[in-house]
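K.L.:
From the sequence below, what's the structure:
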Amino acid sequence: MSSAGPESASPAAHGNRQLLNRLIEIPFHPVLFFSFPILSLLAWNIEELYPGQAARSLLLSLLLCAVLWAILGLAFRDMRRAALLTSLIGLLIFTYGHVYHQIEYRTVAGVLVGRHRYLLAGWCAMLLLLGWLIVRRAGSARPATQLVNLVAVAMAMMPLVSIAGFYANVLRAEAPRATRLPSVTLKPPPGQPLPDIYYIILDGYARSDYLANDGGYDNSEFIDFLEQQGFYVAEESRSNHNLTALSLASSLNMTFAQYLGAEMQPGFYPTPFTPLIHDNLVRRSLEGIGYRSVGLQSGYYPTEWVDADLFLGPALETLPAADSRLLPNAFESMLIDSTLLQPLLESRLLSLPTAFDFKRYAGYSRDLMRAIILGEFDNLQQLPRQAGPKLVFAHIISPHSPFLFGPNGEPLEAEGPFTLVEDAGSGQDGPRLYRDQVIFISGKAEETIAAILAGSEVPPVIILQADHGARAFPYEAQRTAILNAILIREDCRSSLYSSITPINTFRVVFNCYFDADLPIVEDEIYWSPSPPDNPYEFRLPDFLEGETAP
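P.N.:
Residues are numbered from 1 along each chain as shown. Purely as a prediction, here's the structure:
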């Protein structure tokens, strides 16, 4: 009988160590350095982006890596040194925009140092110095390769773990939805045609009193128009939650977000609520009595009913390019802004006539978002022609930033990378840009409502709401003060009241039109810190204790 001791195990362990050493001596780090910026940006924005939007960036980045590595390998006839130089170039390419945005507008001793001319000079100096060290110290290429490989692996693991965790959470969020959303029993009146129901969200449209006091804009003409068309305008309305996904999940399920069974974790938003917006109690109940669901492309996946009976986007001819596949999506626009391409965006050379309009290329995400918003209004105006009854859900990301329209609908020049982060990059101009966009969106809403009413054979139900107030104003109270206008039958109006909140909207509609007998719940408002850095708190905001209006 024999046993394996340390002596017998040693050769195997030694062999494994040698294999590991040989592996980490292979210079694979350029692939990871050119992948990391794309994976990191995707991980940071994965809650609100289609992962496929990063595929083209990743392929182009790896192609650039291969070309540089091949050229440098031929030049130096040393793949390790070529790999180190390639990784260095990748690092400088993908960090330039981040550094520039940190020092932009900074001054030292009265000199504006936050300019491309200075940063580009520094970047060139670093490339020459570090490149010289890599080339000059050829003997250190092997240990340097091992070290840089390990650093690259550690860097790449961070976004990959984050992305994997995201999809694990998605599966947990999706799994129980079929069992936790039973339909409400609705009783259609026999022998009567059913009305179309339009649920139109004007994202971030503030209540009239806050618009007047904080935004310096009197929207009374718009409110008068709504009232003349028969809308009840709830002048003291607030949203039940201060964030889009919480607010819409709550209103569409007629239950406060914290009681919907979503698995809420710090840093995980809006994904737990996306299934509750797509497959919600209102939609399921109406589909159960024969309603068709209609979803409109919003540009924000959590609010797009892509599985609806009818899903509509902007007409192709309204897009700003004949072949939009060659133009960047929102992810690519953000990536461009973080790279060495950033100086090209502001270069005077871009104003010269060229065969390739790079500035237009980089601004395409804004052009596409404009087309999506205008397409939603156009599709809403055409929908009365579609056979009913139907439930129409339109989440229009405006007057919420990005600020894309002037007061007359004129397109605004791009400032900074495209993002749906509220009021990002608007600075002191935020309130003015917000006000101008409110003016334009109010006019489009008037036009759209008039078209819906004129084209509907059966008087429709129209709910025109904001999911939350505006962040362009400087204090919490405005964040939940919302536009809330409801068009229902005259005999139903007695169920409405000036402080009604979205959680009770469909309760009133279902009770009046379908004899649902749903209780009207307390109009509570819950405040949650803005994810992704904070846990969900659902606290009652302090301003409700004393401040109810400006």
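K.L.:
tell me which element the closest residue to Leu64 other than its chain neighbours falls in.
P.N.:
Nearest residue to Leu64, sequence neighbours excluded (Cβ to Cβ, 6 or more residues apart in numbering): Phe34, at 6.7 Å. Every C-beta, even on glycine, is put in place using the N, C-alpha and C of the backbone. Using DSSP states H and E, Phe34 maps to helix 29-45.
K.L.:
Can you name the next helix or strand after that helix?
P.N.:
Tracing the chain C-terminally past helix 29-45 and defining elements by DSSP H and E, one meets helix 55-76 next.
K.L.:
Name the residues of that next one that come out as buried.
P.N.:
In terms of neighbour count (16 or more other Cβ atoms under 10 Å), helix 55-76 has its buried residues at 57, 61, 65, 68-69, 72-73, 76.
K.L.:
any idea of the angle that helix forms with helix 29-45?
P.N.:
Here helix 55-76 points in a direction 160 degrees away from that of helix 29-45 (axes from the mean of the first three to the mean of the last three Cα atoms, to 10 degrees).
K.L.:
And helix 55-76, what does it pack against?
P.N.:
Helix 55-76 sits against helix 29-45, helix 79-103, helix 330-337, with contacts defined as 3 or more Cβ pairs under 8 Å, 6 or more residues apart in numbering; DSSP states H and E.
K.L.:
Could I get those helices in JSON lines, plus columns for mean neighbour count, distance to Leu130 and mean pLDDT?
P.N.:
Below are those laid out as JSON lines (neighbours: other Cβ atoms under 10 Å; distance: least, Cβ to Cβ, whole Å; pLDDT from 0 to 100):
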{"stretch": "helix 29-45", "mean neighbour count": "22", "distance to Leu130": "14", "mean pLDDT": "88"}
{"stretch": "helix 79-103", "mean neighbour count": "20", "distance to Leu130": "5", "mean pLDDT": "86"}
{"stretch": "helix 330-337", "mean neighbour count": "23", "distance to Leu130": "24", "mean pLDDT": "75"}
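K.L.:
In CSV, list those along with distance to Gln53.
P.N.:
What follows is the helices and strands packed on helix 55-76, written out as CSV (distance: least, Cβ to Cβ, whole Å):
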stretch, distance to Gln53
helix 29-45, 8
helix 79-103, 17
helix 330-337, 4
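K.L.:
Select, out of the ones you listed, the one closest to Pro270.
P.N.:
Taking Cβ to Cβ, helix 29-45 is the member of the helices and strands packed on helix 55-76 nearest to Pro270, at 11.9 Å.
K.L.:
So what pairs up with Val233 in the strands?
P.N.:
Beta bridges link Val233 to Ala485, judged by DSSP bridges.
K.L.:
Report the separation between it and Ser499.
P.N.:
The gap separating Val233 from Ser499 is 12 Å, by Cβ to Cβ, to the nearest Å.
K.L.:
Going by how many neighbours each has, rank these two and give me the top one.
P.N.:
Val233 (19 against 13; other Cβ atoms under 10 Å).
K.L.:
Quick check: that one touching Glu227?
P.N.:
Yes - in this structure, Val233 is within contact of Glu227 by Cβ atoms under 8 Å, at 6.1 Å.
K.L.:
Could you measure from the residue nearest to Pro27 when sequence neighbours are not counted over to Phe34?
P.N.:
Nearest non-adjacent residue to Pro27, counting by Cβ to Cβ, 6+ apart: Ala83, 3.4 Å away. Distance of Ala83 to Phe34, given as Cβ to Cβ: 11 Å.
K.L.:
repeat for Arg136
P.N.:
24 Å.
K.L.:
now do the same end-to-end measure for stretch 243-262.
P.N.:
End-to-end distance of stretch 243-262 (Cα to Cα, to the nearest Å): 15 Å.
K.L.:
could we number from 542 for the rest of this?
P.N.:
Let's use 542 as the start, then, which means that last one is stretch 784-803.
K.L.:
packing partners for the host helix or strand of Tyr751?
P.N.:
Tyr751 is part of helix 749-755, with elements assigned from DSSP H and E. On a contact count with 3+ Cβ pairs under 8 Å, 6+ apart, helix 749-755 meets helix 971-996.
K.L.:
Mind doing that once more with 10 Å?
P.N.:
If you count contacts as 3 or more Cβ pairs under 10 Å, 6 or more residues apart in numbering; DSSP states H and E, helix 749-755 packs onto helix 761-769, helix 971-996.
K.L.:
Show me what the last one is packed against.
P.N.:
The criterion is 3+ Cβ pairs under 10 Å, 6+ apart, and the helices and strands that helix 971-996 contacts are strand 738-743, helix 749-755, helix 761-769, helix 905-923, strand 931-937, strand 1002-1006, strand 1025-1028.
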